[in-house]
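Peer 1: here is a sequence with its predicted model. Questions after.
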Number of protein chains: 2
Amino acid sequence: MTDTLKRNLTPQKLEKAAYILKTVAHPIRLGIINLLDEHEQLSVNQICEYLKCEQSLLSHHLTNMKIKGLLKADKQGVQVFYSLKEKDLIKLLDCMENCNCNM
Amino acid sequence: MTDTLKRNLTPQKLEKAAYILKTVAHPIRLGIINLLDEHEQLSVNQICEYLKCEQSLLSHHLTNMKIKGLLKADKQGVQVFYSLKEKDLIKLLDCMENCNCNM
DNA sequence: CAAATATATGAATATATTATCATATAAACA
DNA sequence: TGTTTATATGATAATATATTCATATATTTG
């Protein structure tokens, strides 16, 4: 036995982790994830109001997060209800909430 | 009693979390954190070799991470040894390693 | 002191991300 | 059908981040 590495992070894994972090590293997106952890599903308008975010900007974020597989969208009439597809993201939120970084 | 929220993420907390995530959401930076979790301290050159990263680029990243309080630097002669100042970041790495996001 | 080595810095560039605005689409309803 | 409401889209502009390159600085050593 030689190496006793704590984890095995290959360059590909680092890339992937960075990619995930990057798509989440924005206050609006964290806000969306947080809300959808607490609410199961919400319409665009509801999220708008909670986050006090302009409709079009929010829509861009939602669309992007959907494309990347983070969120699900369910159209009901005029409304579109979004929900969390990638539940693992909640762990990240918890991790960040408990993070006492002095930065 | 009214709300039973899972966490209390104020706009400020979301901002801060996003800020931290952003400064870490890069393969080189994740690589640095991972290495410095496993090694206590490493010189710029050593990190360079491990990560196969060009000296100047690495230096920029290290400097930036130092400024933001993530890393410590200890100059010994010509060499500068970097180490992890913000140990909480390790939790984030672990979180990411266990994250099975299908993105 | 000159040369070699390790690291940092700054400017320029390249690239990516975010925000804004105007407009499109589609459903609901009077 | 015309109007209202909810959401999406695309182009542009604004801003931030990453990379490269040339060079500076500081330390060590012959």
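Peer 2: Here it is on my side, so go on. Numbering: from 1, shown residues only, chains lettered A, B, ... in the order given.

Peer 1: so where's chain A shaky on pLDDT?
Peer 2: A:1-3 (pLDDT under 70).

Peer 1: and the gap between the residue in chain A that DNA strand C sits nearest to and A:S43?
Peer 2: Among residues of chain A, the one nearest DNA strand C by Cβ to the nearest atom of the strand turns out to be A:G77. It sits 2.9 Å away. (C-beta placed from N, C-alpha, C; glycine too.) Relative to A:S43, A:G77 is positioned 10 Å away (criterion: Cβ to Cβ, to the nearest Å).

Peer 1: quick one: which of those two has more around it?
Peer 2: A:S43 (15 against 5; other Cβ atoms under 10 Å in any protein chain shown).

Peer 1: could you pull out the strands for chain A?
Peer 2: Taking DSSP state E to define them, one finds strands in chain A at A:42-43, A:71-76, A:79-84.

Peer 1: quick one: closest of those to A:N34.
Peer 2: strand A:79-84 (10.0 Å; Cβ to Cβ).

Peer 1: hmm, that closest one in reach of DNA strand C?
Peer 2: No. Contact of strand A:79-84 with DNA strand C is not found when judged by Cβ under 7 Å from any atom of the strand; the minimum separation is 8.3 Å.

Peer 1: got the end-to-end distance for stretch A:76-86?
Peer 2: End-to-end span of stretch A:76-86 (Cα to Cα, to the nearest Å): 21 Å.

Peer 1: if you count neighbours, what's buried in it?
Peer 2: Taking 16 or more other Cβ atoms under 10 Å in any protein chain shown as the neighbour-count basis, stretch A:76-86 is seen to contain the buried residues A:80-82, A:84-86.

Peer 1: which parts of chain A are helices?
Peer 2: Per DSSP state H, chain A carries helices over the ranges A:11-24, A:27-39, A:44-51, A:55-67, A:89-97.
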